[in-house]
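Trainee: Need coordinates for the below:
(3 chains)
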Amino acid sequence: MDIQYPLELIGTFVFAISGALAVKDREHDLFGAGFTGFITAIGGGSLRDVLLGSYPLVWIGDVYFLYAIFAGIIMAFIFPALTKLRKTMFLFDTLGIAFFTVLGVEKALSLGVRVEIAAIMGMFSAVMGGVIRDTLTNEIPILFRKEVYASACLAGAVLYLLLREFGLARDYNLLISLMVIIAIRLIAVKYKLSLPRLD
Amino acid sequence: MDIQYPLELIGTFVFAISGALAVKDREHDLFGAGFTGFITAIGGGSLRDVLLGSYPLVWIGDVYFLYAIFAGIIMAFIFPALTKLRKTMFLFDTLGIAFFTVLGVEKALSLGVRVEIAAIMGMFSAVMGGVIRDTLTNEIPILFRKEVYASACLAGAVLYLLLREFGLARDYNLLISLMVIIAIRLIAVKYKLSLPRLD
Amino acid sequence: MDIQYPLELIGTFVFAISGALAVKDREHDLFGAGFTGFITAIGGGSLRDVLLGSYPLVWIGDVYFLYAIFAGIIMAFIFPALTKLRKTMFLFDTLGIAFFTVLGVEKALSLGVRVEIAAIMGMFSAVMGGVIRDTLTNEIPILFRKEVYASACLAGAVLYLLLREFGLARDYNLLISLMVIIAIRLIAVKYKLSLPRLD
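Mentor: Here you go, the predicted structure:
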C-alpha cells in the first residue's frame, strides 16, 4: 500500500486544525477561523503546484482533501480547548511540516525538476501555508520567528534527496527523513537552539 | 443577450474604484492609489483562474477589462469625494462582491470542477481582491473585520448551486443569488449582525 | 551575443543581495535573511510568469538563476557591511528594477500579449519581488513609500514599447529604456520629487 496518500491527508487535516486555532486569541468569528484553517491547509501545496504548473491542484482534483480540511476545521470548532494544549498543537504542527516537506519533494521530483528545485519545493509545501496565514492575519511570519523551522524542513528535504541518491529504498527514506525533521525541530525547541544572525 | 459579460465589466469597474479610494486616508500618491485599484480589481479573479489553471486570465485576454479598470481608477481620481459618500461606496462594494461571487461560481463550473470547489472559487473571486489589497496596505483583511462579508458570498454561492441543481433557469438564478448576497450584507450591516466567535 | 541573458542573471543576483540585506536590522537569523533574498529575487518574475501561464518559471527551468540567487545571498552574508553603503545598495536596487522592467516587457511580448499587458508585466517583474518581501516582513511595501519607484518602471516600460513601435533597433532600445528608468529614479531621489496625492 502506498503510504504517501494517507500521510498527505493527515498533514492536510492537521494544518487545517492548526490554522483555524491560530486565530483563537483574535477577534475572528467562526467563519474567519475556518477560512484561515482552509488557507493554511491549502497554501503550501497550492503554491508548490502553481509554481510548478502542476494542474489540477491536489485539493481541487481530489475531494478527500476538502473533506480532510473540513474535518480539521470542525475539530477546531468542537475542541477549541486544543489550543491550550500547547504541546499537542506544537506536535501537530511539527508532524504537518515534516509530512509536507517529504511529500513536496516527491511531488516535485515526479514532475521532473532538478533536485535543488525539489528541495525548495519541499520546504515551500511545508511552510508557505503558515506564512500565508501569518501574512493575512498581520503576524510576523512563523518563518522569521522560530529560527529552526523552515531550516529543519530544508535539511530534511536535502537528507531525503541524498539518501535517495545513495539508493535507499523509498519507504525507509520517507520514514528517516520525516523523523529527522521532527527530531531537529524538537531538539531546537527544547534547547532553544537558533541559527546565527547577520550582524 | 448574455448578461454575464456586462455584469463582470461593471464589477471590475466598481472594484477598481473602491480599491483606489481605499488608500485615500493614507500617504499614498496617485500612482499608489491607481496600483491598489488595479490589484483590487484583478486580484480575486486572477487568483481563481491561477488556482484553476484557466489561461489566459480574464483581464489579460480581454482588453475591455483593462479599460474598465482604468475607467474606475480615473473615476476615483476625478471624484475622490466619493469616499465621503460612505453609503455609496458600501453599495458599490456590495454590488461588486455579489457579481463576482456568482460569476466566479459559473466560471469554475464551466471548467468542470466539483460544486464544492465552485462555491469556494465564487467566494475567492469576490473577496480575495480586497484581501490582497488589505494585505499590501498592512490592514487587517476585510474578511476578518466585517463578520458577514465572505460568508454572505459563500452563502450566495451555495444558494446558486442549489437552485441550479433544482433546475431553475440560469438568468433567474443569477438574479436571485445576487439579490440574496446583497440582502444578507445589507441586513447584517444594518442590524450589526455577526457570526459567533470561537471561545 | 544576446545581452538579455546576462542582464537577467545580474538583475537576479542584485535582487538576492538587496533582499537578504533588507532584513539586516531585524531579528532574523541567517536562514530568514537567505529566504527573504530568495523570495525577493524570484518574486517578480514568478508572478509575471504565473499570471501569463508561462512554464517552466525562469528559475525552475534554468539552474544558473539558482546559482545567481545563491551567489547573491552568500555575498550578503560575507559583506553585510554593504548595507552601510546606502548609495551602493540604492544603485544595486535601481539597476535591478531597470533590468527587470525591460526584460519583463520583452518576455510578455514574446508570449503574444497586448502592449498594455506587456507594460504592466514589466512593472510587476521589477517591483513585485520587493512588494512580496515587504509584505512578508510586515513593512509598508516599497511601492507605497517611495513615490517615484514603480512609476519609473512603468514609464520605462511604456518608453520601450513606444520606441519599439517606431522601429528602433532592439539593443539601442533596451539601453535607452534602462537608462531612462535609472535616470528618473536618480533624479526623483536627488530632488525629492514625488507624484501628487489624492485629496
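
Trainee: Show me where chain A has its helices.
Mentor: Ranges of helices in chain A, per DSSP state H, are A:4-22, A:30-52, A:58-61, A:63-78, A:86-110, A:115-136, A:142-145, A:150-165, A:170-190.

Trainee: Run the chain-centre distance for the fifth one.
Mentor: The one in question is helix A:86-110. 4 Å (C-alpha atoms, centre = their mean, to the nearest Å).

Trainee: shouldn't A:Ala118 be in contact with A:Val102?
Mentor: No. Using C-beta atoms under 8 Å as the test, A:Ala118 is too far from A:Val102 to be in contact (10.6 Å). Every C-beta, even on glycine, is put in place using the N, C-alpha and C of the backbone.

Trainee: Overlap of the contact sets of those two?
Mentor: A:Ala157 (C-beta atoms under 8 Å, 6 or more residues apart in numbering or on different chains).

Trainee: For chain A, what lies in contact range of chain B?
Mentor: A:20, A:23-24, A:26-33, A:35, A:38, A:46, A:50, A:53, A:55-57, A:60, A:63, A:66, A:76-77, A:80, A:135-138 (C-beta under 8 Å from any C-beta of the partner chain).

Trainee: Any of those buried? List them.
Mentor: Among the residues of chain A next to chain B, those scoring as buried are A:20, A:23-24, A:26, A:28-33, A:35, A:38, A:46, A:50, A:53, A:56-57, A:60, A:66, A:76-77, A:80, A:135-137 (criterion: 16 or more other C-beta atoms under 10 Å in any protein chain shown).

Trainee: pLDDT weak spots in chain A?
Mentor: A:1, A:24-28, A:80, A:82-86, A:145-147, A:194-199 (pLDDT under 70).

Trainee: hmm, back to that, which of the helices of chain A sits closest to B:Val148?
Mentor: helix A:30-52 (8.2 Å; C-beta to C-beta).

Trainee: Hey, what's the angle from that closest one to helix A:86-110? Just curious.
Mentor: 30 degrees (axes from the mean of the first three to the mean of the last three C-alpha atoms, to 10 degrees).

Trainee: residues contacting A:Val180?
Mentor: Contact analysis of A:Val180 by C-beta under 8 Å, 6+ apart lists A:155-156, A:159.

Trainee: Kindly indicate which of the residues you listed lies nearest A:Phe15.
Mentor: Among these, and counting by C-beta to C-beta, the member closest to A:Phe15 is A:Gly156, at 16.7 Å.

Trainee: Could you tell me how many residues sit around the closest one?
Mentor: If you count neighbours by other C-beta atoms under 10 Å in any protein chain shown, A:Gly156 ends up with 29.

Trainee: you'd agree it is up against A:Ile181?
Mentor: Yes. A:Gly156 is in contact with A:Ile181 according to C-beta under 8 Å; the separation is 3.5 Å.

Trainee: hey, what's in contact with both of the two?
Mentor: Listed as contacting both A:Gly156 and A:Ile181 by C-beta under 8 Å, 6+ apart are A:98, A:101-102.

Trainee: Show the overlap between the residues you listed and what lies near chain C.
Mentor: Within the shared contacts of A:Gly156 and A:Ile181, nothing lies near chain C by C-beta under 8 Å from any C-beta.

Trainee: What residues does A:Gly44 make contact with?
Mentor: A:Gly44 is in contact with A:15, A:100, A:104, A:124-130, counting by C-beta under 8 Å, 6+ apart.

Trainee: how much space between it and A:Ile140?
Mentor: Applying C-beta to C-beta, to the nearest Å, the value for A:Gly44 to A:Ile140 is 18 Å.

Trainee: burial of the closest residue to A:Asp93 other than its chain neighbours, as a residue count?
Mentor: Counting by C-beta to C-beta, 6 or more residues apart in numbering or on different chains, A:Ser18 is the residue found nearest to A:Asp93 once chain neighbours are left out, at 5.0 Å. Burial of A:Ser18 is recorded as 27 neighbouring residues (other C-beta under 10 Å).

Trainee: A:Ser18 contacts A:Phe92, correct?
Mentor: Yes. The criterion here is C-beta under 8 Å, and A:Ser18 meets it with A:Phe92 at 5.7 Å.

Trainee: number of nearby residues for A:Ala169?
Mentor: Using other C-beta under 10 Å, A:Ala169 is surrounded by 10 other residues.

Trainee: Could I get the phi/psi values of it?
Mentor: When quoted as degrees, to the nearest 10, the phi and psi of A:Ala169 stand at phi -60, psi 140.
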